[in-house]
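Asker: okay, sequence plus prediction incoming.
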Amino acid sequence: MVNTINRSDQNRIAVAIFVSQSLFSAAMIAMFTLTPIIAAELSGRDSAAGVPSTVILIGRAIAAYPLGWFMDRVGRRLGLSAGFGFGVLGAGIGIASIIMGSFVLFCVGALIVGFGRAAAEQGRFVAAEVFKEDRRARVIGFIVFAGTIGSVFGPGLVNFSTNMMNRYQIPENAGPFFITLTFTFLALAVTFLALRPDPLELSKLIDLGENKPTSSHEPPQTIRGIFSRPMVQLALAAMIIGQLVMVLLMTITPLHMANHAHTTRDISFVIMAHTLGMFGLSAFTGQLVDRFGRIPMIAFGSAILISASLMAPISTSFSNLAISLFLLGLGWNFTFVGGSSLLSDALKYGERGRIQGASEMLIALAAGTGSFSTGPVYTFREGGMAAVAAVGLAFALFLVAWLVYFRLNHQPRLAEAD
């Protein structure tokens with residue numbers, strides 16, 4: 001049992017999680033690049049192209065809470081390692097399914113990869129809990145920035161991996177899954193070897209220093225009781241609504257641009273601008289959240305989401321869409337980092353794993369809802385981007401209303417959060 005907090009232990013844990021997140025992010029993006037194509041080929045139907053991606057989200061939602069509960073029982077190191085172990089297994093099943101030509105087995109592999117993603121998404125909370133509240137947001141921002149590594153290097157691994165498969169006379173589409181297996185195994189190794197002492201032990205010491213109850217004799221509060229806390233509700237609202245608005249507009253933008261004669265090059269640059277907004281400035285936004293407070297920065301992120309929703313349907317020009325998608329990513333970043341930090345602050349030792357797992361389940365469901373519904377909204381009565389943006393705007397305004405309600409009714413908690 002650890003009795004003191006060592007700065008080198010804190011930094012090593014944060015760096016280890018950043019490395020594992022970077023590896024897993026690159027693995028996921030490399031895999032996603034060809035997943036729709038593989039799904040269409042194995043199933044024989046273009047309509048099935050999006051099924052594996054949806055199955056991954058389902059796996060992420062299913063596994064998020066059990067993995068969080070498991071991490072509260074056995075520690076963060078073993079919990080995250082188990083999650084990455086699922087990722088390795090899922091990638092292996094994916095390789096086997098491509099060689100065997102089985103679409104059903106491919107979907108099974110995708111489901112298990114989703115279990116691994118459920119663990120990876122909780123890494124930011126694990127890194128944050130080993131630091132005091134005044135540094136948590138910048139640590140979360142640092143971990144979120146790992147997504148930039150994946151977005152830069154992941155696509156470039158696809159061509160390399162397919163060429164490698166051709167050299168060994170293996171179906172070339174299996175290449176990205178070999179990358180996923182290898183990189184996820186490396187993420188598992190880094191996690192298992194470097195997360196010592198266990199972040200759960202450091203979390204207990206942090207809570208003792210911040211006068212949060214951590215007694216093992218205190219009966220654990222029910223999930224319903226924890227979710228009834230206003231700060232927990234606001235944190236969840238920020239992350240879930242930010243995710244929903246972001247996915248709604250981002251998912252439909254490539255189709256919207258294609259329908260208005262934009263080239264593939266234009267579309268890729270707009271998505272690149274969006275990715276930059278999501279991940280590229282995370283370290284900077286994390287510092288702002290720590291400096292100015294979680295709730296003011298969530299409000300700022302909501303305002304940016306509103307701006308993006310208003311801009312998106314104004315014009316189909318490349319510049320307008322690039323700016324609006326960049327703002328969409330940046331607004332998501334503020335609500336995501338601010339909400340994650342607020343949730344970490346609102347929870348105590350023994351609560352974090354299961355509640356953060358539950359939050360990841362809800363975020364995954366929000367992503368699935370946004371991805372599933374954006375097409376029908378876009379085509380409903382030919383509403384197009386204006387209809388999708390209107391739905392996003394309504395949700396962003398609802399988050400603003402929630403923030404106003406919180407400020408008016410929970411001033412003591414507001415002061416504590418900031």
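Answerer: Right, received. Where do you want to start?
Asker: for Val130, give its distance to Leu195.
Answerer: Distance of Val130 to Leu195, given as Cβ to Cβ, to the nearest Å: 10 Å. Any C-beta I mention is one placed from the backbone N, CA and C, and that applies to glycine too.
Asker: overlap in contacts, these two.
Answerer: Shared contacts of Val130 and Leu195 (Cβ atoms under 8 Å, 6 or more residues apart in numbering): Ile13.
Asker: wait, Leu328 touches Leu248, no?
Answerer: No: look at Leu328 against Leu248 with Cβ atoms under 8 Å: they stay out of range, at 9.4 Å.
Asker: of these two, give the one with the bigger neighbour count.
Answerer: Remark: of Leu328 and Leu248, Leu328 carries more neighbours, 31 against 25, as counted by other Cβ atoms under 10 Å.
Asker: now the more buried one: which helix or strand?
Answerer: helix 318-346 (DSSP states H and E).
Asker: and that helix, average pLDDT?
Answerer: Average pLDDT, helix 318-346: 96.
Asker: could you list every helix and strand in contact with it?
Answerer: helix 123-128, helix 133-144, helix 230-259, helix 264-275, helix 282-292, helix 294-311, helix 352-379, helix 411-417 (3 or more Cβ pairs under 8 Å, 6 or more residues apart in numbering; DSSP states H and E).
Asker: of the ones you listed, flag the one that's most buried.
Answerer: helix 123-128 (a mean of 28; mean count of other Cβ atoms under 10 Å).
Asker: does anything pack onto that one? Which helices or strands?
Answerer: helix 7-43, helix 76-100, helix 133-144, helix 318-346.
Asker: middle-most residue in the protein, spatially?
Answerer: Nearest to the mean C-alpha position of the chain, by Cα atoms, centre = their mean, lies Glu121 at 5.3 Å.
Asker: mind checking how far the residue nearest to that residue when sequence neighbours are not counted is from Pro36?
Answerer: Distance criterion Cβ to Cβ, 6 or more residues apart in numbering; nearest residue to Glu121, sequence neighbours excluded, is Glu360 at 5.0 Å. Counting by Cβ to Cβ, the gap from Glu360 to Pro36 is 24 Å.
Asker: now swap in Gly175 and tell me
Answerer: In terms of Cβ to Cβ, Gly175 sits 16 Å off from Pro36.
Asker: looking at those two, which is more packed in?
Answerer: Under the criterion of other Cβ under 10 Å, the comparison of Gly175 against Pro36 puts Gly175 first, with 25 against 16.
Asker: which residue is the nearest non-sequential neighbour of that one?
Answerer: Ser161 (3.0 Å).
Asker: what do you get for Gly94?
Answerer: In space, Gly94 is closest to Gly109, 3.7 Å off (Cβ to Cβ, 6+ apart).
Asker: the one you found: which element?
Answerer: Gly109 belongs to helix 103-120, assigned by DSSP H and E.
Asker: next, the buried residues of that helix.
Answerer: Buried positions in helix 103-120, judged by neighbour count with 16 or more other Cβ atoms under 10 Å: 103, 105-120.
Asker: again with stretch 315-323
Answerer: Thr316, Phe318, Leu321, Ala322, Ile323.
Asker: tally of neighbours for the closest residue to Gly329 other than its chain neighbours?
Answerer: Leaving aside its chain neighbours, Gly329 sits nearest to Gly277 (2.7 Å; criterion: Cβ to Cβ, 6+ apart). Other residues lying near Gly277 total 23 when counted by other Cβ under 10 Å.
Asker: right, and Gly277 touches Ile323 too?
Answerer: No: using Cβ under 8 Å, Gly277 makes no contact with Ile323, being 9.7 Å away.
Asker: could you report the separation of Glu201 from Phe336?
Answerer: 27 Å.
Asker: between those two, tell me which one has more neighbours.
Answerer: Phe336 (25 against 19).
Asker: contacts only, for the more buried one.
Answerer: Here Phe336 is in contact with Val144, Ala238, Met239, Gly242, Gln243, Gly301 (Cβ under 8 Å, 6+ apart).
Asker: Leu205: which of those residues is nearest?
Answerer: Val144 (24.9 Å; Cβ to Cβ).
Asker: just the C-alphas of the host helix or strand of Leu67, formatted as PDB.
Answerer: Using DSSP H and E, Leu67 maps to helix 51-74. Presented in PDB, the C-alpha positions along helix 51-74 are these (Å, rounded to 0.1, in the frame of the first residue of the first chain):
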ATOM      1  CA  VAL A  51     -22.900  -2.500 -39.200                       C
ATOM      2  CA  PRO A  52     -19.500  -3.300 -37.700                       C
ATOM      3  CA  SER A  53     -19.000   0.300 -36.600                       C
ATOM      4  CA  THR A  54     -22.400   0.300 -34.900                       C
ATOM      5  CA  VAL A  55     -21.500  -3.100 -33.300                       C
ATOM      6  CA  ILE A  56     -18.300  -1.500 -31.900                       C
ATOM      7  CA  LEU A  57     -20.400   1.200 -30.300                       C
ATOM      8  CA  ILE A  58     -22.700  -1.400 -28.900                       C
ATOM      9  CA  GLY A  59     -19.700  -3.300 -27.400                       C
ATOM     10  CA  ARG A  60     -18.400  -0.100 -25.900                       C
ATOM     11  CA  ALA A  61     -21.700   0.600 -24.300                       C
ATOM     12  CA  ILE A  62     -22.100  -2.900 -23.000                       C
ATOM     13  CA  ALA A  63     -18.700  -3.200 -21.400                       C
ATOM     14  CA  ALA A  64     -18.200   0.300 -20.100                       C
ATOM     15  CA  TYR A  65     -20.000  -0.100 -16.700                       C
ATOM     16  CA  PRO A  66     -18.700  -3.700 -16.000                       C
ATOM     17  CA  LEU A  67     -15.100  -2.600 -16.700                       C
ATOM     18  CA  GLY A  68     -15.500   0.500 -14.400                       C
ATOM     19  CA  TRP A  69     -16.900  -1.700 -11.700                       C
ATOM     20  CA  PHE A  70     -14.100  -4.200 -12.200                       C
ATOM     21  CA  MET A  71     -11.500  -1.400 -11.900                       C
ATOM     22  CA  ASP A  72     -13.000  -0.300  -8.600                       C
ATOM     23  CA  ARG A  73     -12.600  -3.900  -7.300                       C
ATOM     24  CA  VAL A  74      -9.200  -4.900  -8.600                       C
END
